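>>> Got a predicted structure plus its sequence, pasted below:
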Amino acid sequence: MWPQVERLAPLTGKNPVPEKKVKQFHYRREKFDAASLTPMPSELVHPARVKECPVQMEARVRAVHFLHGEKLQELGGGVAAEVEILRVHVASDLVVKDHYVNPAKWSPLIYNFRHYYRLAETESGRTFRAEENLC
């Protein structure tokens, strides 16, 4: 789904766009349309879920932390949200043994230093707590 993520990346919900961001970002209200994604209702919170995502979490913001630092201030500051996960939705083809996610089938999108990756095709190892027969 990295192309959809990239379609969202230069968008902001601020209108007008803050002066510090105007060279790289532009305002777009309808993010689902911009990324060609399908909204679907959440069960416990107001924001919609993304139908195309195989794993979705509904969460409630518990605290907001304002980040400081010289570089962040140049960019307009930063904020980290502390959330409580209220419900998790997982595509049925990823679930095994009642409620376990099959790690051999789920390959989440990883963002690493401005590049997108998927998990490796083969397993490197397991922790001592891993379920033996999930895959």
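Nice, thanks for sending it over.

>>> okay, and for this structure, where does confidence drop off?
Along the chain, the parts satisfying pLDDT under 70 run over 72-77, 121, 132-135.

>>> Counting neighbours, what do you get for Ser92?
Around Ser92 there are 6 other residues, counting by other CB atoms under 10 Å. Every residue, glycine included, has its C-beta placed from N, CA and C.

>>> List the buried residues of the top helix by length along the chain.
Scanning the chain for the helix with the most residues, using DSSP state H, yields helix 2-8. Going by neighbour count (16 or more other CB atoms under 10 Å), the buried part of helix 2-8 is 4, 7.

>>> Spit out the contact partners of the nearest residue to Val50 once chain neighbours are set aside.
Closest residue to Val50 apart from its sequence neighbours, by CB to CB, 6 or more residues apart in numbering: Leu37 at 5.1 Å. Applying CB atoms under 8 Å, 6 or more residues apart in numbering to Leu37 gives the contacts 4, 31, 50-52.

>>> which one of those residues sits closest to Arg118?
Nearest to Arg118 among those: Gln4, at 14.6 Å, using CB to CB.

>>> what's the distance between that closest one and Cys53?
Using CB to CB, to the nearest Å, we find Gln4 at a distance of 9 Å from Cys53.

>>> before we move on, what about Val83?
Going from Val83 to Cys53 by CB to CB gives 17 Å.

>>> more crowded one of the two?
When Val83 and Cys53 are compared for neighbours, Cys53 comes out ahead with 17 against 13, by other CB under 10 Å.

>>> How about the contacts made by the more buried one?
With CB under 8 Å, 6+ apart, Cys53 has these contacts: Met1.

>>> what about it, is that helix, strand or coil?
The three-state label given to Cys53 by DSSP: H, G, I helix; E, B strand; the rest coil is coil.
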